[in-house]
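[1] Provide a 3D model corresponding to the input given below.
(one chain, ligands or ions: 1)
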Amino acid sequence: MQRSDTKATLSFSDGRATVELPVYKGTVGPDVVDIRKLYGETGTFTFDPGFMATASTKSSITYIDGDKGQLLYRGYPIEQLAENCDFLEVCHLLLFGELPDEDGKQEFERLVTHHTMVKEHMYNFVRGFHHDAHPMAILTGMVGAMSAFYHDQLDINNPEDRRISAIRLIAKLPTIVAMAYKYGIGQPFMYPQNNLSYTGNFLYMMFGTPCEDYQVNEVVERALDRIFILHADHEQNASTSTVRLCGSSGTNPYAAIAAGIACLWGPAHGGANEACLNMLEQIHAQGGVAKVGEFMEQVKDRTSGVRLMGFGHRVYKNYDPRAKLMQETCKEVLEALGLEDDPLFKLAMELERIALEDEYFVERRLYPNVDFYSGIVQRAIGIPTDMFTGIFALARTAGWIAQWDEMITDDDFRIGRPRQLYVGPGERNVK
Ligand code: ACO
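    Model prediction:
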């Protein structure tokens, strides 16, 4: 953060003294006004429900320019990372700040690969869930429970403990997500296969069975790896902010990531891909493309409560760059699997075409977000709808843990404690 000579002056119309507040510049993006002394000097808080104009932290991990539709991880455009790197290289980048060289890549792969197994008792733990539990309920519980199974290295002030926790989380999330899936469908759990790639191994644990050989389809592997890259981090979104706030109390990383998973579950956030696919299936069942116009009228009727899921974003006021890449992947996967005529893809394309021309969406700058096409890809791969958010959580774990680590080592690290504008009754007596 570079200090600038600029100061912001805040004056009040009720005669209170004027205050000067420092303004800081980031590398790129909007400046920030440092209001930390505001309460001490004026007895006043700022009010910003939903964090519409509040930078909750400084960070050097991810940058989004919502107007341009740009997303950078550690300075690298998401398009270049999606084109040239695999997910584990991106994890290395997020965690350590640089893409690994060839030796570093092999070492990182070896490290992650050697932590893919989970403690055997975790299989008993997962069996305690009801057979029809939502995978996100299982994931929240299982990741929280990792602090019980891996409590040997939980000192958050010890860099080696933080590093091993990060590796364990990235390595074990695919195993745990696959366990949640297998448990739900009543199939035996598959142990990780360390001769496969990170993503190939995940596909094996999801779709392999002990009865026959499982061959990883390379197109599917690449598509899923891209989904992981596109979902790996997204600066201070709701779940990442949850991880940071939860972790700011000094709790262990597994507890903080479990809190992030719980937050991600909501339909306004990671749950949107599931909600989006449900929406497409519903329109398809009601008549498909012919019913798109009617559906769009409902969306535009603000009393209906119907939203076009997979559209709109708090930060992107342009096409989400991840949605473009996802649309590309969607075409590739559907072609490779002989599903070019997939009716949901056609439906999605038609919804997008109409929305991009419609005044309601244009005026509000609503564009497809990453979730608009990711559900169609996952469905084509064979991943059931209720697993979509779990896949997102698997990928976002890399970003969450990198952000958590950055927070712990930040000079400004302290417990997060927002304040409020109290509007309840003043002091009163019971009798
Ligand atoms: N469909 C229809 N109208 C919408 C949509 C949508 N998907 N999204 C926003 N709007 C409208 C709102 O009704 C509002 O209209 P108004 O000004 O007439 O009241 C205006 O656009 C602004 O919307 P807000 O809800 O105020 O925007 P906010 O930044 O708070 O919400 C959000 C962003 C939650 C993503 C919203 O666009 C949404 O609900 N989208 C659908 C869910 C979704 O796809 N979420 C995934 C987000 S990406 C991710 O988490 C990976």
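[2] how about the helices in the stretch 251-400 of the chain?
    Along the stretch 251-400 of the chain, counting by DSSP state H, counting those that start in this stretch, helices occupy 253-264, 272-285, 292-300, 321-336, 343-357, 359-363, 371-381, 388-408.
[3] again, but for the stretch 51-200 of the chain
    Counting by DSSP H, counting those that start in this stretch, the helices of the stretch 51-200 of the chain are 78-84, 87-96, 102-113, 121-127, 135-149, 159-185, 198-207.
[4] looking at the ones you listed, which is closest to D412?
    helix 159-185 (17.7 Å; C-beta to C-beta). (C-beta placed from N, C-alpha, C; glycine too.)
[5] find the nearest non-adjacent residue to E235, please.
    Distances taken as C-beta to C-beta, 6 or more residues apart in numbering put T62 closest to E235, at 4.3 Å, once the chain neighbours are dropped.
[6] so the one you found touches R396, yeah?
    No. Counting by C-beta atoms under 8 Å, T62 sits too far from R396 to count as a contact (11.4 Å).
[7] and for the residue in the stretch 251-400 of the chain that the ligand sits nearest to, the neighbour number?
    For the stretch 251-400 of the chain, the residue closest to the ligand is G312, as judged by C-beta to the nearest ligand atom, at 2.3 Å. By other C-beta atoms under 10 Å, 20 other residues sit near G312.
[8] same deal with the one 10 residues further on?
    A count of nearby residues for R322, using other C-beta under 10 Å, gives 27.
[9] likewise for the one 3 residues further on?
    By the measure other C-beta under 10 Å, the count of residues near L325 is 22.
[10] from what I see, it and I78 are in contact.
    Yes. Using C-beta under 8 Å, L325 is in contact with I78, at 7.1 Å.
[11] joint contacts of those two?
    Counting by C-beta atoms under 8 Å, 6 or more residues apart in numbering, the residues touching both L325 and I78 are L230.
[12] excluding its backbone neighbours, what's nearest W265?
    Of all residues beyond its chain neighbours, the one nearest W265 is M136 (4.5 Å), with distances taken as C-beta to C-beta, 6+ apart.
[13] ignore the last one, V333
    The nearest residue in space to V333 (C-beta to C-beta, 6+ apart) is A223, at 4.7 Å.
[14] phi first, then psi, for the residue in the stretch 101-250 of the chain positioned nearest to the ligand.
    Taking C-beta to the nearest ligand atom as the measure, the stretch 101-250 of the chain has N237 as its residue closest to the ligand, at 6.4 Å. The phi and psi values for N237, taken as degrees, to the nearest 10, are phi -70, psi -180.
[15] quick one, what contacts it?
    Contacts of N237 by C-beta under 8 Å, 6+ apart are H269.
[16] looking at this, L21 is in a helix?
    No. Counting by DSSP: H, G, I helix; E, B strand; the rest coil, one finds L21 to be strand, located in no helix.
[17] the residue nearest to it when sequence neighbours are not counted: what's it in contact with?
    Spatially, and ignoring its direct neighbours in sequence, L21 is nearest to A8 (4.6 Å; C-beta to C-beta, 6+ apart). Residues near A8 by C-beta under 8 Å, 6+ apart: E20, L21, P22, V23, V33.
[18] repeat that for 7 Å
    Counting by C-beta atoms under 7 Å, 6 or more residues apart in numbering, A8 touches L21, V23, V33.
[19] swap in S59?
    Neighbouring residues of S59 by C-beta under 7 Å, 6+ apart: E235, Q403, E406.
[20] re earlier: let me see the mean pLDDT of the helix or strand harbouring the residue nearest to V333.
    Assignment of secondary structure by DSSP states H and E places A223 within helix 218-230. For helix 218-230, the mean per-residue pLDDT is 97.
[21] what's the angle from that helix to helix 321-336?
    Comparing the axes of helix 218-230 and helix 321-336 via axes from the mean of the first three to the mean of the last three C-alpha atoms, to 10 degrees yields an angle of 170 degrees.
[22] give me the contacts around the next helix or strand after helix 218-230.
    Of the helices and strands lying after helix 218-230 in sequence (DSSP H and E), the nearest is helix 238-247. Outside of helix 238-247, the residues within contact range by C-beta under 7 Å, 6+ apart are 56-57, 253, 255-257, 259-260, 263-264, 269-270, 396, 399-400, 403-404, 407, 416.
[23] so for helix 238-247, what's the average pLDDT?
    If you average the pLDDT over helix 238-247, you get 98.
[24] re earlier: for the residue of the stretch 101-250 of the chain closest to the ligand, give its distance to R353.
    Applying C-beta to C-beta, to the nearest Å, the value for N237 to R353 is 28 Å.
[25] just the buried ones from the contacts of A8?
    L21, V33 (16 or more other C-beta atoms under 10 Å).
[26] mind putting the contacts of A8 into JSON lines with distance to H115 and pLDDT?
    Output for the contacts of A8, formatted as JSON lines (distance: C-beta to C-beta, whole Å; pLDDT from 0 to 100):
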{"residue": "L21", "distance to H115": "46", "pLDDT": "96"}
{"residue": "V23", "distance to H115": "44", "pLDDT": "96"}
{"residue": "V33", "distance to H115": "43", "pLDDT": "97"}
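[27] kindly indicate which of the contacts of A8 lies nearest the ligand.
    Nearest member of the contacts of A8 to the ligand, counting by C-beta to the nearest ligand atom, is V33, at 21.6 Å.
[28] tell me the pLDDT at the nearest residue to the closest one once chain neighbours are set aside?
    Leaving out its chain neighbours, the residue that sits closest to V33 by C-beta to C-beta, 6+ apart is A8, at 4.7 Å. A8 is assigned 96 on the pLDDT scale.
[29] and A8, which of the three is it?
    Put simply, A8 is strand when judged by three-state DSSP.
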